[in-house]
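Asks: The following comprises the amino acid sequence and a computationally predicted model.
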Amino acid sequence: MRRAAAVKGSDHVYYGQVVEAEGDQLSILSDGQQLTAEWKAVSVVAPIVALLLEHIQFDSDEWSAREIEAVENTVLDRVLGQDIVGSNQIPDILEGLIAEANYPSATKVCKWTDPSTGQQTEFSLQHALDFAYYVDGGVKPVPPTVGQAFCCPPQSQSPIGGGDGEEREGSELFDPFIDDDDTPQDQSEPIREGTVQVTTRPERPKRSRQPVSSSDDGVHEAKRRRTAVDQDALIVEKLSDDPELLERFLAIRQANRQSQTVPRTQVSTSSKMIGQPPPRKRVTVASKYAFAPRDDQQEVHERVTSEKHKGKPATIFVKGMVRSEFVKFKALPGVCTRAYDIQFNSGGLSIRHFARLTEDERMSWLESGGSNFGNLSATAEFAAATPASRIEDAVEAARVFLTYCREYCCSELIELVEHIV
């Protein structure tokens, strides 16, 4: 009990924390709403994933379980810095995953039941991000404001007076499940099987297959579900390219929040809905600048991609290259979209597109603005490769490509490139 969880409903997946268990029924607190679901419909996720995604829902008609899991893994990788440069900034973490209008505010007040004490705590989303980034991501030094637990900020940092101040050992992001109750889900890991149906649950912003701008109605809906006001979100967006200014802004901004009672909403497990909720707004179609591979490209991608990265949404796969430690070349948008399905020769890729980019050169390029990954369409930034002046240049580029393949490609392609090198 008291685990962070993803819940598969009849037509969507949402996130929260398991707070009660009775028989095979679990109560989940999700963005201020308390719902009931069968344990078979619940699966465990990292707390930071649930906190970042609890204000939205994934439409099961558009997203497979594998794709949703890829989004969860991407969020976690971007926070902890697994194979990429980690971040505790929401725009960096959620880029390409949800529409910017639906980004949660860093100052959002999160409610969580402390697994150690069973008491409800309140803390800012930024505190949980900082704890995951510094403590679980292993970033040193750890600021004193991070505290001892992701759900218990130091007294001076708590939105309503802080947690209980008790010392805690180890990382609570991956092991926050200290519990005094014996429940079925403690004996075996829940899996995403079975379904639940919402009776009167208020609507949440939906996650489209590509990040898009919401319609006017969608924006109003997002406003109702988010704690941040639009002006704050716009300021955060404008400052996202300047981490120092953004950090300063978040440090001095104060938000007045009123305590809200927790309404209890029942989730039906029967075949019929009781109290049909109002029709939900669907998100508009994807942006014309989004990366939308053709069926033949998708087929090639599935054949040549490693199991670790197979199944990821195309935009997530491509944008993930920018910060990957396995990408030692200049990751121009047009190069990344072509690497998606290995488009050499007539596709435009040359082995010299994989010319080695030193870490200093890479940092200088990124600090100067890098490239516009907001445009991953056919007009995305791309340039002809610089011809090799000697055979060693081509060999070195092939070695860089091999490094890329060992992370992103199947074993057969890795073996082929190893023979060439």
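Replies: Cool, got the structure. Numbers count the residues shown, from 1 in each chain.
Asks: So for H353, what's the pLDDT?
Replies: H353 is assigned 93 on the pLDDT scale.
Asks: With the one 5 residues further on instead?
Replies: At T358, the predicted lDDT confidence score is 87.
Asks: what do you get for the one 10 residues further on?
Replies: Confidence at S368, expressed as pLDDT, is 77.
Asks: Would you mind stating the distance between it and G32?
Replies: Plainly put, S368 is 42 Å away from G32 if you go by Cβ to Cβ, to the nearest Å. Heads up, the C-betas are built off the backbone N, CA and C, glycines and all.
Asks: So which of these two has more stuff around it?
Replies: Taking S368 and G32 together and counting by other Cβ atoms under 10 Å, G32 has the greater number of neighbours (18 against 7).
Asks: Please verify my assumption that that one contacts W112.
Replies: No - with the criterion set as Cβ atoms under 8 Å, G32 and W112 do not qualify as a contacting pair; they are 11.9 Å apart.
Asks: backbone phi and psi for C110, please?
Replies: Dihedral angles of C110 (phi, psi; degrees, to the nearest 10) stand at phi -100, psi 140.
Asks: Now do the longest helix along the chain, average pLDDT.
Replies: Here the longest helix in the chain is taken by residue count, with DSSP state H as the criterion, and it is helix 391-408. Average pLDDT, helix 391-408: 93.
Asks: now stretch 305-319
Replies: Over the span of stretch 305-319, the pLDDT mean works out to 86.
Asks: which parts of the one helix or strand V19 maps to are buried?
Replies: Here V19 is covered by strand 12-22, with elements defined by DSSP states H and E. Within strand 12-22, the residues scored as buried using 16 or more other Cβ atoms under 10 Å are 12-21.
Asks: Show me what whichever helix or strand comes after it pairs with in its sheet, parallel or antiparallel.
Replies: Towards the C-terminus, the helix or strand next in line after strand 12-22, according to DSSP H and E, is strand 25-30. Take DSSP bridges as the rule and strand 25-30 pairs in its sheet with strand 12-22 (antiparallel), strand 33-38 (antiparallel).
Asks: looking at these, which is closest to T386?
Replies: Among the strands paired with strand 25-30, strand 12-22 comes nearest to T386, with 45.7 Å by Cβ to Cβ.
Asks: May I have stretch 26-45 exported as CSV, CA atoms only?
Replies: Coordinates of each C-alpha in stretch 26-45 appear next as CSV, following Å, rounded to 0.1, in the frame of the first residue of the first chain:
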residue,chain,number,x,y,z
LEU,A,26,-7.7,-0.3,-4.0
SER,A,27,-8.3,3.4,-3.3
ILE,A,28,-6.0,5.6,-5.4
LEU,A,29,-5.5,9.3,-4.7
SER,A,30,-5.0,11.0,-8.1
ASP,A,31,-4.6,14.7,-8.4
GLY,A,32,-7.0,15.5,-5.5
GLN,A,33,-9.5,12.8,-6.5
GLN,A,34,-9.9,9.5,-4.6
LEU,A,35,-11.0,6.6,-6.8
THR,A,36,-11.4,2.9,-6.4
ALA,A,37,-10.1,0.2,-8.8
GLU,A,38,-9.4,-3.5,-8.8
TRP,A,39,-5.8,-4.4,-8.0
LYS,A,40,-5.5,-6.1,-11.3
ALA,A,41,-5.8,-2.8,-13.1
VAL,A,42,-3.0,-1.2,-11.0
SER,A,43,0.7,-1.3,-11.7
VAL,A,44,3.6,0.3,-9.8
VAL,A,45,5.5,3.3,-11.1
